[in-house]
Each structure stands twice: as structure tokens, then as C-alpha cells.
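S.K.: model this:
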Amino acid sequence: MGKKVANQLIETVKQAGIKHIYAVTGDSLNEVNEAVRQDGEVKWVHVRHEETGAYAALAEAELNGIGCCAGSSGPGHVHLINGLYDAQRANASVLAIASTCPSYEFGMSYFQETNTIKLFDDCSGYNQIANTPQQFPRMLQAALQHAISKKEVAVIGLPGDLAAQNADESM
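M.R.: Numbering: from 1, shown residues only. Below you'll find the predicted structure:
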């Protein structure tokens, strides 16, 4: 069995210079959290509130060039907003991982489902949601390029079921 999309995420962000992911553990982020544990180099920094994670990612971006935070579907997304607005206004290179409900539940009034495109559009320069293992590496690369080269917030939507799928390594 090959590596998962979540492992591909961690490998890619590590290559971009991300050393920490500030987030609250649980729910649709479980696969990402496990990939961080398996990697051992990128550190999962558990925060008490996602807003704190977004502000920490902003501070890390100011100090080290790029920061990363994550929030799970529903309240986790909403709680990222204040810190991401500040990061966008400060021209800070921040990658926000917005893990979502399973993709097969989109549009079905799933518990705590949010529309990440609408929610993060005003506080980011790049904002997309991946739907397949083939899309994910290209979208993640585009998000990182936007964050770093344009000094802005980039949001990558990652459905929990996609994070658990086998990665497409043909890219």
C-alpha cells in the first residue's frame, strides 16, 4: 500500500520550509495528525483554539518566512478567520489547511459542513478545495507558491476522506 494524501501533504510542506502546524487535534484532521506523527520532523503544535493557531502561523511566517495552521470542518474553520484576516493584511505567507467533511457528504447538510470557498475567500489570496488524489499535489503546490511568492494566505481544502486515500505520485 502506497503513501496517503496526508503523508504527501506533510512531505510537501516540509520541503517548503514549514516546521510546525498549529491546530486542534481531531475529526477530519486525524489523518493529517497521524502523518505528522509518522514524519517526526514537522511538529504538530496543539493549540486550545484554532484562532490561536492562525495567529501562531502568522507569527511564524513573520519570523521564518512561512507558517501553517489547520482547522477542521465547522467551528475549526470559523475560528481560523480572525488570524487569517490579520495574516492576509500583514502580507504574511501562511498556509491554512481546511480539512472538511467527507467529499461524498458535500451538499448533504452534513454535521458542521462549511463551504470553504465562500468562508475563506475574503481573507486569502488562494483558496481551493481538492477533490481527488490527482488534484491534490498540484493544488498544494499552487497554494504554497501563492503563499510564498505573493506573501499571502493560501487555503487548501482537504476532505477527510481524501486525506486517507492513496496519493497519486505520478505528478
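S.K.: show me the contacts for the most centrally placed residue in the chain.
M.R.: Central residue of the chain (CA atoms, centre = their mean): I97, 1.0 Å from the mean position. The contact partners of I97, taken as CB atoms under 8 Å, 6 or more residues apart in numbering, are L9, I21, A23, L29, V32, C68, C69, A70, G71, I156, L158. All C-beta spots, glycine's among them, are computed from the backbone N, C-alpha and C.
S.K.: Output these in TSV; the columns should cover distance to V45.
M.R.: Formatted as TSV, the contacts of I97 follow (distance: CB to CB, whole Å):
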residue	distance to V45
L9	16
I21	7
A23	8
L29	13
V32	13
C68	10
C69	9
A70	10
G71	13
I156	19
L158	18
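S.K.: In those, find the pair that's most separated.
M.R.: Across the contacts of I97, no pair lies farther apart than L9 and G71, at 14.6 Å, counting by CB to CB.
S.K.: buried residues in stretch 160-170?
M.R.: Buried residues in stretch 160-170, counted by 16 or more other CB atoms under 10 Å: G160, D161, L162, A163, A164, Q165, A167, D168.
S.K.: quick one on the thing from earlier: need the contacts of I97 in TSV with distance to E41, neighbour count and pLDDT, can you?
M.R.: Formatted as TSV, those follow (distance: CB to CB, whole Å; neighbours: other CB atoms under 10 Å; pLDDT from 0 to 100):
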residue	distance to E41	neighbour count	pLDDT
L9	13	28	98
I21	12	27	98
A23	17	30	97
L29	18	26	94
V32	15	27	97
C68	13	28	98
C69	18	32	98
A70	17	30	98
G71	22	34	96
I156	20	27	98
L158	20	28	97
